[in-house]
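# Below are the sequence and a predicted model; questions follow.
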2 protein chains.
Amino acid sequence: MNDVKIPAPHERGDHGLSAFGGLIFRPRSDTPIWQQIYDHIFGLIESGLLQPGSQLPGENHLAEKLAVTRITLRRALQQLQREGHLTARKGVGIFVRNLPATFTVRDGRRFLDNFEARGQEIGTRTLLIVREPAGPAEALQLRLAPGTEIVRLCRIRTSGKQPVYVNTKVFPARIFPNFEQIYDPGQSVTDVFRAHGVDNYRRLETRISGGFASPDEAEILWLTPGTPVFRINAVNEDSNGVPIEWTHGCWPLTSVEFVF
Amino acid sequence: MNDVKIPAPHERGDHGLSAFGGLIFRPRSDTPIWQQIYDHIFGLIESGLLQPGSQLPGENHLAEKLAVTRITLRRALQQLQREGHLTARKGVGIFVRNLPATFTVRDGRRFLDNFEARGQEIGTRTLLIVREPAGPAEALQLRLAPGTEIVRLCRIRTSGKQPVYVNTKVFPARIFPNFEQIYDPGQSVTDVFRAHGVDNYRRLETRISGGFASPDEAEILWLTPGTPVFRINAVNEDSNGVPIEWTHGCWPLTSVEFVF
DNA sequence: CAGTGGTCTAGACCACATG
DNA sequence: ATGTGGTCTAGACCACTGG
């Protein structure tokens, strides 16, 4: 508490608390205190003094160091969480989120071709792959009778360990009898398409809307529930106009840019 | 507590407070109190008991009626504001936002053709139309030398009085010598294009990203600052590939859906 | 167990808009 | 002058995570 050192990023256990020391926030200024704190922490992140993935000091320590109430501090922290710069884990701590500089997704291309992630490695994790009867929404999108068997695939895309995209894909099971066997080794849907004679397909329509992360989505994407997200919704057709894939998913608002 | 009335929307001055009466929120439930309040108010809005444009009771009254602290109540109200269901005006009150059911904007069409606003009338308000030297960003987008004269046009689109879209358009001034005269009567950019011999043009690229409303944008769009928004950014070219318009603007996240 | 973030209370003062 | 929403304080208890 009394050690006044130059803010070396990773001190032994103090989580770089010194970077926050000696600050004075003027209460009766034109800008609210919580916003001054927001600006300060945001500056630390942008300038790189707070490295991605590093942990912030505990809220009690921080509030004391900044000479404000924990509630006032939390107001600033929560805005930073909603904007995707921080992520909090209960019982653990608050961490600097790995902002992947915004991806650029171009419509009509394969996912991996789409990324222009600067220096970040892209990963895929398959959460679920099952065959089951189509629900009403799925049947509608794929133009099937309700109850027709479909293949459901849930995946996460990560950038440097950090999840940035969760999506669900639905396929007519009849067209892809060997889906699981072919998908398994490379986790590539395109491989599955090719192996079943679908060499060409096109995106019929893409819908982009906005929403707010459900508790489930928040947990998967390491977000605070209620954080704003993009929702994307698209159908792919084969060359004969038969729908072969309905995909819908969810991105943190600040992790992606769509280019058409 | 004892007045059990059907919530008639506009009681004499009580702002429909009765709709909030007699509620009990269990503190040690599995869901937080603020979220129970959120759910309750959201339900009132969705069911139409709280009409669009109507005013909520004051926070002090509401907090008393719901038997919670004003801070706890505010937590619920602020989430509703961020999600676009409520809008607060300092010194005035909190109002139910007119959710325009989400527009559908199709790329490459004229704006008015794009709307599928159900029963809402679309309005246009021109905030600014000036000629001035191009800044660096504008010069880059229009492929002009910095300082070249451009026409800058700022407009708001409204749906039933409520602003839903604010954007800025920039044009090379040299191509449109009579911009202002032609634009003025109908507020139509297409008219200006036609009058200057531009009968055909196409959208080169559209970029959609996410952000958070600046104080200026928030005021224009009747939002709370920091509310999540879509940002859209596009360039139109004439048939010879010459950029003739750079447009960028901002939508509340929950007011629009993009279809491509 | 100690430390973390999540929630909640009971007050208070301020800037702002309206009548 | 009144009522509004915006900000801030000084406490408190809880559920969760980790060692």
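Cool, got the structure. Numbers count the residues shown, from 1 in each chain, chains lettered A, B, ... in the order given.
# Would you mind giving the domain segments of chain A?
Per automatic domain parsing, the domain ranges recorded for chain A read A:17-96, A:103-259.
# do the first one and DNA strand C meet at all?
In this case it means domain A:17-96. Yes - using CB under 7 Å from any atom of the strand, we find that domain A:17-96 touches DNA strand C at A:56-61, A:70-71, A:74, A:88-94. Where you see a C-beta, it was placed from the backbone N, CA and C, and this is true even at glycine.
# Could I get the domains of chain A in a markdown table, plus columns for distance to DNA strand D?
Shown next, in a markdown table, are the domains of chain A (distance: least, CB to the nearest atom of the strand, whole Å):
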| stretch | distance to DNA strand D |
| --- | --- |
| domain A:17-96 | 2 |
| domain A:103-259 | 10 |
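# Would you format the ones you listed as CSV with distance to B:Q187, mean neighbour count and mean pLDDT included?
Conversion of those to CSV gives the following (distance: least, CB to CB, whole Å; neighbours: other CB atoms under 10 Å in any protein chain shown; pLDDT from 0 to 100):
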stretch, distance to B:Q187, mean neighbour count, mean pLDDT
domain A:17-96, 35, 16, 84
domain A:103-259, 28, 17, 87
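# I'd like these as JSON lines, with distance to B:V170 appended.
Output for the domains of chain A, formatted as JSON lines (distance: least, CB to CB, whole Å):
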{"stretch": "domain A:17-96", "distance to B:V170": "28"}
{"stretch": "domain A:103-259", "distance to B:V170": "20"}
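# List the ones among the residues of domain A:17-96 next to DNA strand C that fall in strands.
Secondary structure from DSSP state E places A:88-89, A:93-94 of these in strands.
# What segments of the stretch 101-250 of chain A are strands?
A:103-106, A:122-133, A:149-159, A:162-172, A:201-212, A:228-238, A:243-252 (DSSP state E, counting those that start in this stretch).
# The fifth one near DNA strand C anywhere?
No - where contact is defined by CB under 7 Å from any atom of the strand, no part of strand A:201-212 touches DNA strand C; the two come within 14.3 Å at best.
# Off-centre distance for that strand?
Here the centre of strand A:201-212 is set off from its chain's centre by 17 Å, with CA atoms, centre = their mean, to the nearest Å.
# cool, the second one as well?
Here strand A:122-133 is found 17 Å from its chain centre; the criterion is CA atoms, centre = their mean.
# That one pairs with which strands?
Strand A:122-133 has the following sheet partners, assigned by DSSP bridges: strand A:149-159 (antiparallel).
# shouldn't A:I41 be in contact with A:R75?
No - under the criterion of CB atoms under 8 Å, A:I41 is not in contact with A:R75, lying 11.9 Å apart.
# Look through chain A and state the residue closest to DNA strand C.
A:G58 (2.7 Å; CB to the nearest atom of the strand).
# residue contacts, the closest residue to that residue other than its chain neighbours?
Nearest residue to A:G58, sequence neighbours excluded (CB to CB, 6 or more residues apart in numbering or on different chains): A:G93, at 6.9 Å. If you count contacts by CB atoms under 8 Å, 6 or more residues apart in numbering or on different chains, A:G93 has them with A:55-56, A:58.
# Let me know the closest of those to B:C154.
Among the contacts of A:G93, A:L56 lies closest to B:C154 (CB to CB), at 39.5 Å.
# Not counting its neighbours along the chain, what's nearest the closest one?
Leaving out its chain neighbours, the residue that sits closest to A:L56 by CB to CB, 6+ apart is A:I94, at 4.4 Å.
# Can you name the residues that contact the one you found?
Applying CB under 8 Å, 6+ apart, we find A:I94 in contact with A:55-56, A:59, A:77, A:86-88.
# Dump the strands of the stretch 101-250 of chain A to CSV, plus distance to A:Q141.
As requested, the strands of the stretch 101-250 of chain A are exported to CSV (distance: least, CB to CB, whole Å):
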stretch, distance to A:Q141
strand A:103-106, 20
strand A:122-133, 15
strand A:149-159, 10
strand A:162-172, 7
strand A:201-212, 10
strand A:228-238, 6
strand A:243-252, 4
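# Wait, a helix at A:Q79?
Yes - the assignment for A:Q79 by DSSP: H, G, I helix; E, B strand; the rest coil puts it in a helix.
# What values do phi and psi take at the spatially closest residue to it that is not a sequence neighbour?
Closest residue to A:Q79 apart from its sequence neighbours, by CB to CB, 6+ apart: A:Y38 at 5.5 Å. Phi and psi for A:Y38, reported as degrees, to the nearest 10, are phi -50, psi -50.
# can you pull the contacts of A:Y38?
Shown in contact with A:Y38 (CB under 8 Å, 6+ apart): A:76, A:79-80.
# From those, pick the one nearest B:T227.
Nearest member of the contacts of A:Y38 to B:T227, counting by CB to CB, is A:Q79, at 11.2 Å.
# OK, contacts around that closest one?
Residues in contact with A:Q79 (CB under 8 Å, 6+ apart) are A:34, A:38, B:226.
# My guess is A:A195 contacts A:I182. True?
Yes - applying CB under 8 Å as the test, A:A195 and A:I182 come out as touching, 4.7 Å apart.
# coming back round to it: go through the residues of domain A:17-96 next to DNA strand C and name the one nearest chain B.
Using CB to the nearest CB, A:I71 is the member of the residues of domain A:17-96 next to DNA strand C that lies nearest chain B, at 8.0 Å.
# What separation is there between that closest one and B:T69?
In this view, A:I71 and B:T69 are 12 Å apart by CB to CB, to the nearest Å.
# how far out from the middle of the chain is the helix or strand containing A:I45?
A:I45 belongs to helix A:33-46 when assigned by DSSP states H and E. Centroid separation for helix A:33-46 versus its chain: 22 Å, with CA atoms, centre = their mean.
# same check, this time on stretch A:65-85
Put simply, stretch A:65-85 sits 21 Å off its chain's centre (CA atoms, centre = their mean).
# hey, C-alpha coordinates of that stretch in PDB?
Coordinates of each C-alpha in stretch A:65-85 appear next as PDB, following Å, rounded to 0.1, in the frame of the first residue of the first chain:
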ATOM      1  CA  LYS A  65      -6.500   3.700  -4.400                       C
ATOM      2  CA  LEU A  66      -8.700   6.000  -6.400                       C
ATOM      3  CA  ALA A  67     -10.400   7.500  -3.400                       C
ATOM      4  CA  VAL A  68     -13.900   6.800  -4.500                       C
ATOM      5  CA  THR A  69     -16.700   4.500  -3.500                       C
ATOM      6  CA  ARG A  70     -16.800   1.000  -4.800                       C
ATOM      7  CA  ILE A  71     -20.200   1.900  -6.500                       C
ATOM      8  CA  THR A  72     -18.700   4.800  -8.400                       C
ATOM      9  CA  LEU A  73     -15.800   2.700  -9.500                       C
ATOM     10  CA  ARG A  74     -18.100  -0.100 -10.600                       C
ATOM     11  CA  ARG A  75     -20.100   2.300 -12.700                       C
ATOM     12  CA  ALA A  76     -16.900   2.900 -14.700                       C
ATOM     13  CA  LEU A  77     -15.900  -0.800 -14.800                       C
ATOM     14  CA  GLN A  78     -19.400  -1.800 -16.000                       C
ATOM     15  CA  GLN A  79     -19.300   0.600 -18.900                       C
ATOM     16  CA  LEU A  80     -15.900  -0.900 -19.800                       C
ATOM     17  CA  GLN A  81     -17.400  -4.400 -19.600                       C
ATOM     18  CA  ARG A  82     -20.300  -3.500 -21.800                       C
ATOM     19  CA  GLU A  83     -18.000  -2.100 -24.300                       C
ATOM     20  CA  GLY A  84     -16.000  -5.200 -24.400                       C
ATOM     21  CA  HIS A  85     -12.700  -3.900 -22.900                       C
END
